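1. Would you be able to build a 3D model of this:
(one chain, ligands or ions: 2)
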Amino acid sequence: MLSLRASSRIHGLTLPHRLHLLRSMSSSVQLPIKPLSVDEEADDFNERVQELNAWFNSSRFKGIKRPYTASSVVSKQGSYKPLPLPSTPLAEKLFRMLQEAEKDGKPLHTIGVIDPIQMTQMAERQEVVYISGWACSSTLVHGSNDVGPDLADYPYTTVPNQVHRIFRAQQLHDRKHYDERFSMPLEKRKNLKYIDYLRPILADGDTGHGGLSAVMKITKLFAESCGHQGGKVVVPTNTHISRLVASRFQLDILQSPCFIVARTDADSARLISSNIDPADHEFILGTTIAGRGLAELLAEAEIRGASGDELDAIEAEWMEKHQLVTFDQAVQKEIDVAGKGATAWDEYKKAVDGKSNSEARLVAREILGKDVFWDWDIPRTKEGFYHTTGGNEAVIKRLLAFAPYADMLWYETNTPTVEAATRIARLVREKFPGKQFVYNLSPSFNWAKHGFNDETLKTFIWDIAKEGYAIQLISLGGLHNTAVATASLSKKFETEGMLAYVNEVQQRERDIGCDVLTHQKWWVVSSSPFLVLRSGANYVDRIITTVQSGNSSTAAGGKDSTEHTF
Ligand SMILES: C[C@](O)(C(=O)O)[C@H](CC(=O)O)C(=O)O
Ligand SMILES: [Mg+2]
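-> Ligands and ions are numbered 1, 2, ... in the order given. Alright, predicted model coming up:
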């Protein structure tokens, strides 16, 4: 809830200067105590529109297209300019970090975190935090706690809730660390390594969990809980663009500089929900064999009680017989059959560049002197989806279409290679110089099987960083690491008892200087009889000592604490 100070009038100043002054005097807003006149209200509105336009034109949004006006945003903001969100300084920091990454050709690379412990252990070295939808789906589903595989069917508050949890933990550890620093003399402080817990968070927004209003709601939650989101595409290009615009519009209403990352899964996508956008037509597959639709045959089989296996067999046989092709491939075949050769094909390709399927059909008829039979409805799946080729060309086309609307681009690759990453980035950057990318160093790949040797595996991140892959993340790195560390301890503990604990955990914590070794200091329930607080014990002790006028006999980190044995 916002705490707003009611203002008394400031005499001698006329609007809009008065309101402007009130806004700039403090980070909060002083609302006028009497309704403004219509003229005053209009002046204030115009001043806000001007201010917002200046923000839109600032270097933060260089190259970003907004298909709406600043006044359409201001009118949605309500009667006063939004206060800066806690995520704003972090988003601004990310902007500067990314500019530096671009200048140096170096990456911000990170490991997806699943909890506050992992966040603290990465804070010293990883400059950004990634929060994965997949990992949330497996570990922390908001509301129902019904964890499961990532089908993006969890409540849309799930990932924002995790972002909120991690952001809160970042803030607490920052406060704890700061207090620790200022509880020691300057000379000693010089030797205490400064840890920056306030790392910008990049969070997975998946497809936005619904229509445009849902996209706006999740965007708002992310911005409010501190985040930057990535969208996922299984939809027509223009639907994705609408979601990006909805997301930006929401951020603009909040006047938030949070980053929007447009992610496309077009590389591996084999289905598209609709053929409504001509931009997707060249990649949609159809059949050159007339006949009954696949979905119709499957529905019929289901009615007569066919089993799942039988249905799969019907589909496989149908697909085998029909060998789906794009319209261009169907035309190419007809050109070959007609013996018209390479010139006709070149002529066709040139004429259909950027055109819809209905236009391509007219061009083909012109060249071949007849219609080409090709149907994209016959093979539709029973859900109504169209088949699509996927692949890198589809990726490139989408990235180029999303570039004006997104701060960063993310294509989810099928195969991690420097060559593919380089080619795609260069083609995009030819048209959008300086555009930056996010790259998923996904544990879904068997990294040992992609032709890397130790050397190329080690340099991969830095090699692609030179091409603009400024944020790179092991999406499920934290999740896998928890799995392997726990499995290993569990295995050894079974037979080696406490020796296993010492060797696997305590000794290693000591060797690598892991601060959780002394977890009371790191994160503990205070032993105060008055308050039970989850917090950094020493930090809480100091607060309690302060409020109890310097007397806290119950301090959690007092002389009886087991931590003094470390
Ligand atoms: C990136 C991702 O969307 C995620 O939820 O983190 C997942 C995880 C992964 O497999 O790497 C995805 O790519 O679908
Ligand atoms: Mg995801």
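2. Now do residue 363 against ligand 1, distance only.
-> Per CB to the nearest ligand atom, to the nearest Å, residue 363 is found 38 Å from ligand 1. Every residue, glycine included, has its C-beta placed from N, CA and C.
3. Please read the previous query as pertaining to residue 202.
-> 10 Å.
4. ditto for residue 146
-> 17 Å.
5. what's near enough to touch that residue?
-> When contacts are counted by CB atoms under 8 Å, 6 or more residues apart in numbering, residue 146 touches residue 154.
6. Let's see that with 10 Å instead.
-> 137, 153-155 (CB atoms under 10 Å, 6 or more residues apart in numbering).
7. Out of these, which comes closest to ligand 2?
-> Of all the contacts of residue 146, ligand 2 sits closest to residue 137, with 8.0 Å by CB to the ion.
8. confidence score at that closest one?
-> Note on residue 137: pLDDT of 94.
9. Also the one 3 residues further on?
-> Here, the pLDDT recorded for residue 140 equals 91.
10. got it, and residue 28?
-> 71.
11. From residue 168, how far out is the one residue in the stretch 201-350 of the chain that gets nearest to ligand 2?
-> As assessed by CB to the ion, ligand 2 sits closest to residue 204 within the stretch 201-350 of the chain, at 4.3 Å. Noted for residue 204: a distance of 19 Å to residue 168, by CB to CB, to the nearest Å.
12. Settle it for me: which of the two has more neighbours?
-> Higher neighbour count among residue 204 and residue 168: residue 204, with 30 against 13, using other CB atoms under 10 Å.
13. follow-up on the earlier one: bridge partners for the residue of the stretch 201-350 of the chain closest to ligand 2, pull those for me.
-> residue 230 (DSSP bridges).
14. how close does it get to residue 110?
-> From residue 204 to residue 110 the distance is 13 Å (CB to CB).
15. Kindly report the same for residue 366.
-> 53 Å.
16. More neighbours: which of these two?
-> Comparing residue 366 with residue 110 by other CB under 10 Å, the one with more neighbours is residue 110, at 23 against 11.
17. Just give the closest residue to the more buried one, not the sequence neighbours.
-> residue 126 (4.2 Å; CB to CB, 6 or more residues apart in numbering).
18. what mean pLDDT does stretch 398-409 have?
-> 98.
19. cool, and stretch 330-339?
-> Here the average pLDDT along stretch 330-339 is 96.
20. How far does it sit from its chain's centre?
-> Offset of stretch 330-339 from its chain centre (CA atoms, centre = their mean, to the nearest Å): 44 Å.
21. ok, residues contacting that stretch?
-> 285-288, 324-326, 340-345, 347-349, 352, 360-361, 363-365, 367-375.
22. Show me which residues of it are buried.
-> Residues 330-332, 334-335 are the ones in stretch 330-339 that count as buried (16 or more other CB atoms under 10 Å).
23. Same check on stretch 489-505?
-> Buried, per 16+ other CB under 10 Å, within stretch 489-505: 500, 504-505.
24. got a list of contacts for it?
-> Against stretch 489-505 from outside (CB under 10 Å, 6+ apart): 485, 488, 506-508, 510, 514, 516-517.
25. Most neighbours among those residues, which one?
-> residue 517 (18 neighbours).
26. Could you report the distance from it to ligand 1?
-> 30 Å.
27. Start at 383, not 1
-> Sure thing, new numbering starts at 383, so read that last one as residue 899.
28. Confirm that residue sits in a strand?
-> No: assigned with DSSP: H, G, I helix; E, B strand; the rest coil, residue 899 falls outside any strand and is helix.
29. ok, and the closest residue to it other than its chain neighbours, which helix or strand is that part of?
-> Closest residue to residue 899 apart from its sequence neighbours, by CB to CB, 6+ apart: residue 891 at 3.9 Å. Using DSSP states H and E, residue 891 sits in helix 889-894.
30. Now the element after that helix, going C-ward?
-> helix 901-904.
31. Please point out which parts of that following helix sit buried.
-> 902-904.
32. With stretch 853-866 instead?
-> Those would be 853-864, for stretch 853-866 by 16+ other CB under 10 Å.
33. same thing with stretch 515-530?
-> So stretch 515-530, judged by 16+ other CB under 10 Å, has buried residues 515-524.
34. Out of those, which are close to ligand 1?
-> Contacts with ligand 1 within these, counted by CB under 6 Å from any ligand atom: 515-516.
35. how many neighbours does residue 541 have?
-> 30.
36. actually residue 723, not the one I wrote
-> By other CB under 10 Å, neighbour count at residue 723 equals 10.
37. Quick one: neighbours of residue 499, just the number.
-> 16.
38. Over to residue 419?
-> There are 10 residues near residue 419, going by other CB under 10 Å.
39. hmm, back to that, would you reformat the contacts of residue 528 as a markdown table and include secondary structure and distance to ligand 2?
-> What follows is those, written out as a markdown table (DSSP: H, G, I helix; E, B strand; the rest coil; distance: CB to the ion, whole Å):
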| residue | secondary structure | distance to ligand 2 |
| --- | --- | --- |
| 519 | helix | 8 |
| 535 | coil | 12 |
| 536 | coil | 11 |
| 537 | coil | 15 |
